[in-house]
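Peer 1: show me the folded form of this:
(2 chains)
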Number of protein chains: 2
Amino acid sequence: MQSTDSEATSKGLTRRRAETRQRLIDAAYEVFAEDGIRDAPVELICERAGYTRGAFYSNFGSKEEIFLAMYEIQMSARATRLAEGTESALKAVSASDPERADKVVALIAAQFVEGLADDVRWYPVFAEFRAQALRRPELRAPTAAAEARFEAALAAALQTAARALDLRFAVDENYLAIVVRSMYEALLTRMLLHETPAGGAEEMARSLADLVLGVSTSQNTEADEAAAQ
Amino acid sequence: MQSTDSEATSKGLTRRRAETRQRLIDAAYEVFAEDGIRDAPVELICERAGYTRGAFYSNFGSKEEIFLAMYEIQMSARATRLAEGTESALKAVSASDPERADKVVALIAAQFVEGLADDVRWYPVFAEFRAQALRRPELRAPTAAAEARFEAALAAALQTAARALDLRFAVDENYLAIVVRSMYEALLTRMLLHETPAGGAEEMARSLADLVLGVSTSQNTEADEAAAQ
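Peer 2: Down below sits the predicted model:
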């Protein structure tokens, strides 16, 4: 039937367009990681992806626009990994383990560090973009929105862990999410500046775990203390 | 006497050279704040300072080198302000005030926010430079060294306050200094991205104070509790 053919064609076009976008994004990430965003020639991105400049500009208005699409993909992958990682860390430590909170938080922090090799490549691209966003009004709102979405996902993971562990944070989850994220960035920056990505990773995981536990109190302990009085 | 004349001439030259450097640094800061480091023409810096390109290059090898000199001046001014501010906050609140710790920490956080107008101008320049430093090996070591010096000054101020207030931090001062600094940067970034520098300032001061108090326990309270048992 005509309509079915036309639907199939339309679906095929949509799929092909999505593939084109994805291949351009993957190529742009490679080129941005090598040369930086500002120094990356659009021609090189097209060449790597196997497309013309026309294909690039029919999908993205600029290098900044392709970066923003890349940013969404990167951060939503991290958010998914974090939610799954939190769930598996909670399952991995027995509910009766007296050091459950410490162990679960350490496991989650260790996952941050597992993702580090990715982030060592990603972070300089991201840092260049954010520095540009601070200066260019048209980039501010989409950057702020993307960062807020990621921080909300991080806050949700912290809340899930806190409930399962009977922990109470001294600061609210949304704020703690900003703290954890900015600490992760600060530690990553130090590792990159000191050029010790391998040696610093475990110290980094421990520091993040210390931070979260430092602002946490166990509701069980408080209940025990209240009961003892 | 010949030697005294020559010394005077030499001192005069040194002083004149220091003035030239300072005027170039001041002009570069203005131009970097307006255009960004990469887009700042060296000619414009020279024009603003009233010197030739020759004067620029006899004092600085590159825009990055003049930025690093500027960074030292900026961060050492902040460190001095912080040390003096900590001292005056400790003097401003009576030692017998039952809420002394909260009040002193709030006063110190409020000083951070007073410096905010400066930092709204400074931070985009700094963020661009640090993004470049992540990518360019020759910039990493001097950037890491300058950041370490500032964090050491911040850790010293935290330690001074903690001793005077009988507070104990759940994490060590050097690490807490990184936390406070990265939180300040994260909050400043949010304010700039959301374009609400004025409205966000008080919330920012409160957030920083909450963070420091969140990881603190009073040694007096602990001593009281121990005595009560």
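Peer 1: residue contacts, A:Val215?
Peer 2: Applying C-beta atoms under 8 Å, 6 or more residues apart in numbering or on different chains, one finds that A:Val215 lies in contact with A:169-171, A:176, A:179, B:170, B:211, B:214-215. For the C-beta atoms, the positions are set from N, CA and C on the backbone; glycine is no exception.
Peer 1: at 6 Å what do you get?
Peer 2: Listed by C-beta atoms under 6 Å, 6 or more residues apart in numbering or on different chains, the contact partners of A:Val215 are A:169-171, B:214-215.
Peer 1: mind showing which ranges of chain A have poor pLDDT?
Peer 2: Judged against pLDDT under 70, the low-scoring parts of chain A cover residues A:1-5, A:196-200, A:218-229.
Peer 1: name the residues of it found near chain B, please.
Peer 2: Contact residues, chain A versus chain B (C-beta under 6 Å from any C-beta of the partner chain): A:36, A:124, A:127-128, A:131, A:134-135, A:140, A:143-144, A:170-171, A:178-179, A:182-183, A:186, A:192-194, A:210, A:214-215.
Peer 1: in the lengthiest helix in chain A, what counts as buried?
Peer 2: Across chain A, the helix with the greatest residue count (assigned by DSSP state H) is helix A:2-35. Buried residues in helix A:2-35, defined by neighbour count with 16 or more other C-beta atoms under 10 Å in any protein chain shown: A:20-21, A:24-25, A:27-29, A:31-33.
Peer 1: hmm, back to that, reformat the contacts of A:Val215 as a markdown table; add secondary structure and distance to A:Met75.
Peer 2: Compiled in a markdown table, those are given as follows (DSSP: H, G, I helix; E, B strand; the rest coil; distance: C-beta to C-beta, whole Å):
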| residue | secondary structure | distance to A:Met75 |
| --- | --- | --- |
| A:Phe169 | strand | 23 |
| A:Ala170 | coil | 27 |
| A:Val171 | coil | 23 |
| B:Gly214 | helix | 26 |
| B:Val215 | coil | 27 |
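Peer 1: pull out the buried residues from those.
Peer 2: Applying 16+ other C-beta under 10 Å to these, the neighbour count classes A:169-171, B:214-215 as buried.
Peer 1: ok, so of those residues, who is nearest A:Ala201?
Peer 2: For these, the closest approach to A:Ala201 (C-beta to C-beta) belongs to B:Val215, at 23.0 Å.
Peer 1: can you give me the helices in chain A?
Peer 2: A:2-35, A:42-49, A:53-59, A:63-92, A:100-114, A:116-135, A:137-165, A:173-194, A:197-214, A:219-228.
Peer 1: got the angle for the first one vs helix A:116-135?
Peer 2: Okay, so that is helix A:2-35. The directions of helix A:2-35 and helix A:116-135 differ by 90 degrees, with axes from the mean of the first three to the mean of the last three C-alpha atoms, to 10 degrees as the criterion.
Peer 1: and the angle for helix A:2-35 with helix A:42-49?
Peer 2: Here helix A:2-35 runs at an angle of 120 degrees relative to helix A:42-49 (the same axes, to 10 degrees).
Peer 1: mind giving me the packing neighbours of helix A:2-35?
Peer 2: Based on contacts counted as 3 or more C-beta pairs under 6 Å, 6 or more residues apart in numbering or on different chains; DSSP states H and E, the elements that helix A:2-35 packs against are helix A:42-49, helix A:63-92, helix A:116-135.
Peer 1: now, of these, which is deepest in the fold?
Peer 2: helix A:116-135 (a mean of 20; mean count of other C-beta atoms under 10 Å in any protein chain shown).
Peer 1: against which helices or strands is it packed?
Peer 2: Based on contacts counted as 3+ C-beta pairs under 6 Å, 6+ apart, the elements that helix A:116-135 packs against are helix A:2-35, helix A:137-165, helix B:116-135.
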